[in-house]
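Trainee: give me a model of this one.
(2 chains)
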Amino acid sequence: MTLTRLLTGAALALGLATTAVAQDKTKVGFIYVGPIGDGGWTYEHNQGRLAIEEHFGDKVETVYQESVPEGADAERAITQMALQGADLIFTTSFGYMDPTVNVAKKFPDVKFEHATGYKTADNVSTYSARFYEGRAVQGHIAGKMTESNIIGYIASFPIPEVIRGINSAYIHAKKVNPDVEFKIIWAYTWFDPAKEADAATALIEQGADVILQHTDSTAPQAAAEKAGNVITFGQASDMAEYKPTPRVSSIIDNWKPYYIERTQAVMDGTWETKQTWDGIGPGMVEIGEITDAVPADVKEEALAMKEAMANGEYHPFTGPLKKQDGSDWLAEGETADDGTLLGMNFFVEGLQGEIPQ
Amino acid sequence: MDLSSINPALLLASLLVAATPILLAAIGELVVERSGVLNLGVEGMMITGAICGFAVAVETGSPLLGFVLAAFGGAVLALLFALLTQFALANQVASGLALTLFGLGLSSLMGQGYVGIKPPPTPKLDIPVLSDLPFIGRVVFSHDLMVYFGLALVAAVWATLKYTRVGLVLRAVGENHDAAHALGYKVVRVRLMAILFGGACAGLGGAYISLVRVPQWTEGMTAGAGWIALALVVFASWKAGRVLLGAWLFGGVTVLQLNLQAAGVAIPVEYLSMSPYLITIVVLVIMSADKSRAPASLGRVFHASS
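Mentor: Here you go, the predicted structure:
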């Protein structure tokens, strides 16, 4: 009698426990554009994933897929992840925008979060960081430090985010150094170390002594180190292994707080679609340590600018500014609105070259 | 547009560097194909060499040892192909494709612990007087050992195939394995050696990417270089000198398009990006318009009983 009761009780408890676990565990999926060891963009998203695991412990399960090509394969990978029972899926590259929206239609109960896109739905949110704030700081340091007055820029794809970054860096380099010139190479890839290394080498050979990059690997840093006397900035991640030179500072994407907040919202059932675009202020964009290779006064100015952007006193796109074709864009003191920034498809006055269409 | 910012000496110097990986892989594959074997696994052997060389160089601190072990790693993978095709008589095309997939997977497994590490720098071989020469010094005499090794290898392969007994036997095996067999040559043994040589060369080419050109390890970093090497062999109509020309052409156009972009040339970027592939194909097709043809036994299975 006692034994039976004990067993029944145990079985009941076990049953409750297992169902409780099954219900409690929130499954969070990630689709990455590069390998998690790229040392840049994907690496930081994966840090965010690990932060979720650490924060919630047994209450979450995370899954991820690396190196998913943007396009048809992405749709397959996202579908697969939704079929596996993910409750929340983060798709972390601009090119996943349409695939994410397509898959979201088929899985209305799954929540989707797309990084750097602009299309939303009832179960699709977007989130991005105001990297252009970080690039303003980089542009300032670059303009002050260049001796050849040629700054090389390795750009990935001609999308608004990349164009915004070029404009922001250029405006602030030009402000402190009117002779500065930008040389831009479009790599048409987010991650191809050999191509990025060749692009950096080509820029250096044409006289650039500062390399800015909007691609994800550390290959340009390695090329700059080989060349000597060239400075670079970490992109998406600190890239601290190249300190103190060539890497003199960096823009770090910090997704951890956002990922934890959104996972919590799914757990609480309070998740709602929204468009998040945070910058230095809320800590989504961080400026990596400015090394001693940068003169103390330049470092101070850079940090002051960072501070001003953080508390909202300064906007990197403040008039007077003209477009490349000479037409007026922002009047004296006017700041750009988010809509224009999100769809930016023009260079500001002074930049050479055309944006590939 | 500012073409004067392109320094021709630097451009040609980077051309030699950009051409070296595909040159090494292609000259190895040329020997393999001249012996009558079609190994489509070049990409797999390259990426395996890339991680083997990288791992060894990082662990021992010696890039030279890295290159040696990269060649060894490529050859070991090639041995697998040799066992399948020469002894188990498996289909060469299928085995080669499988080798590429296997190599890509194996290398990413081996490379797990090597992401984000800097390899020891490969020293430049500055030849005292020669490297001080204007222009020529910068273009030709300021590279690392592997660039010269690649050039020497092409010359050696060319001379061996053309003038030596070994080369003659190898070509005979590739042209007609039954006749070679009837004359008493060991067809399988010759092919085995050729396959191992091809694997070693591909491994070196891969290691050149991970140790010199990039230098770092990332999955899939050869990014199709093995396929370009394969195409070069065909379009160079199985001639060593033309493989060299093709590799320079491809490397040259690749580097040139990046330089043109940086100089702000007003050609749409998309055309520049595809130009290396287009121009290489066009020129090599023109080059291959002579009467040369593939080795007659290429891709055919040989067994002494048949």
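Trainee: alpha carbons only for contacts and neighbour counts from here, please
Mentor: Fine.
Trainee: who in the stretch 1-150 of chain B is up against chain A?
Mentor: B:5-7, B:10, B:115-116 (C-alpha under 8 Å from any C-alpha of the partner chain).
Trainee: okay if I get the residues you listed as a markdown table plus neighbour count?
Mentor: Shown next, in a markdown table, are those (neighbours: other C-alpha atoms under 10 Å in any protein chain shown):
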| residue | neighbour count |
| --- | --- |
| B:5 | 15 |
| B:6 | 19 |
| B:7 | 16 |
| B:10 | 16 |
| B:115 | 17 |
| B:116 | 17 |
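Trainee: how about JSON lines for those residues, with pLDDT and secondary structure added?
Mentor: Putting the residues of the stretch 1-150 of chain B next to chain A into JSON lines (pLDDT from 0 to 100; DSSP: H, G, I helix; E, B strand; the rest coil) gives the following:
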{"residue": "B:5", "pLDDT": "77", "secondary structure": "helix"}
{"residue": "B:6", "pLDDT": "83", "secondary structure": "coil"}
{"residue": "B:7", "pLDDT": "85", "secondary structure": "coil"}
{"residue": "B:10", "pLDDT": "86", "secondary structure": "helix"}
{"residue": "B:115", "pLDDT": "81", "secondary structure": "coil"}
{"residue": "B:116", "pLDDT": "77", "secondary structure": "coil"}
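Trainee: residues near the residue nearest to residue A:318 when sequence neighbours are not counted, how many?
Mentor: Once flanking residues are discounted, residue A:318 sits nearest to residue A:335: 4.4 Å by C-alpha to C-alpha, 6 or more residues apart in numbering or on different chains. Counted with other C-alpha atoms under 10 Å in any protein chain shown, residues neighbouring residue A:335 total 17.
Trainee: surely residue A:335 and residue A:314 touch.
Mentor: No - in this structure, residue A:335 is not within contact of residue A:314 by C-alpha atoms under 8 Å, at 9.3 Å.
Trainee: quick revisit: what are the phi and psi angles of the residue nearest to residue A:318?
Mentor: Residue A:335 has phi and psi values of phi -110, psi 150 when expressed as degrees, to the nearest 10.
Trainee: tell me which parts of chain A are close to chain B?
Mentor: Checking chain A against chain B by C-alpha under 8 Å from any C-alpha, the hits are A:35, A:37-39, A:152, A:183-186, A:192-194, A:197-199, A:202-203, A:205-207, A:219, A:222-223, A:352-354, A:356.
Trainee: run the last query once more with 7 Å
Mentor: Residues of chain A lying close to chain B (C-alpha under 7 Å from any C-alpha of the partner chain) are A:37, A:39, A:183-185, A:193-194, A:197, A:199, A:202-203, A:205-206, A:219, A:222, A:353, A:356.
Trainee: before we move on, back to that, which of the residues of the stretch 1-150 of chain B next to chain A sit farthest apart?
Mentor: B:5 and B:115 (35.2 Å; C-alpha to C-alpha).
Trainee: now do the contacts for the nearest residue to residue A:122 once chain neighbours are set aside.
Mentor: Spatial nearest neighbour of residue A:122, chain neighbours left out: residue A:273 (5.9 Å); criterion: C-alpha to C-alpha, 6+ apart. Contacts for residue A:273 (C-alpha atoms under 7 Å, 6 or more residues apart in numbering or on different chains) come out as A:122-125.
Trainee: returning to that earlier point: let me have the residues of the stretch 1-150 of chain B next to chain A in JSON lines, extended by distance to residue B:23.
Mentor: JSON lines is the format used below for those (distance: C-alpha to C-alpha, whole Å):
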{"residue": "B:5", "distance to residue B:23": "28"}
{"residue": "B:6", "distance to residue B:23": "25"}
{"residue": "B:7", "distance to residue B:23": "24"}
{"residue": "B:10", "distance to residue B:23": "20"}
{"residue": "B:115", "distance to residue B:23": "26"}
{"residue": "B:116", "distance to residue B:23": "27"}
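Trainee: now the helices for the stretch 151-300 of chain B?
Mentor: Along the stretch 151-300 of chain B, counting by DSSP state H, counting those that start in this stretch, helices occupy B:165-175, B:177-182, B:187-208, B:225-235, B:240-262, B:269-287.
Trainee: the third one close to chain A?
Mentor: By that I understand helix B:187-208. No - if you take C-alpha under 7 Å from any C-alpha as the test, helix B:187-208 misses chain A, and the best it gets is 10.9 Å.
Trainee: which residues touch that helix?
Mentor: B:20-22, B:24-25, B:28-29, B:31-32, B:35, B:42, B:45-50, B:53-54, B:67, B:70-75, B:78-79, B:82, B:86, B:170, B:173, B:177, B:180-181, B:222.
Trainee: distance from the chain centre to that helix, please.
Mentor: Distance of helix B:187-208 from its chain centroid, counting by C-alpha atoms, centre = their mean, to the nearest Å, is 10 Å.
Trainee: state the distance from the residue nearest to residue A:318 to chain B.
Mentor: 30 Å (C-alpha to the nearest C-alpha, to the nearest Å).
Trainee: can you check the pLDDT for that residue?
Mentor: Residue A:335 carries a pLDDT value of 92.
Trainee: tell me the contacts of it?
Mentor: A:315, A:317-319.
Trainee: who wins on neighbours among the residues you listed?
Mentor: So for these (other C-alpha under 10 Å), the most neighbours sit at residue A:317, 22 neighbours.
Trainee: spit out the contact partners of that residue.
Mentor: A:335-336.
Trainee: pLDDT wise, what is it at?
Mentor: For residue A:317, the predicted pLDDT is 95.
Trainee: try the one 5 residues further on
Mentor: According to the prediction, residue A:322 has pLDDT 94.
Trainee: next secondary structure element downstream of the helix or strand containing it?
Mentor: Element membership for residue A:322 (DSSP states H and E) is strand A:321-322. Downstream of strand A:321-322, the first helix or strand assigned by DSSP H and E is strand A:328-330.
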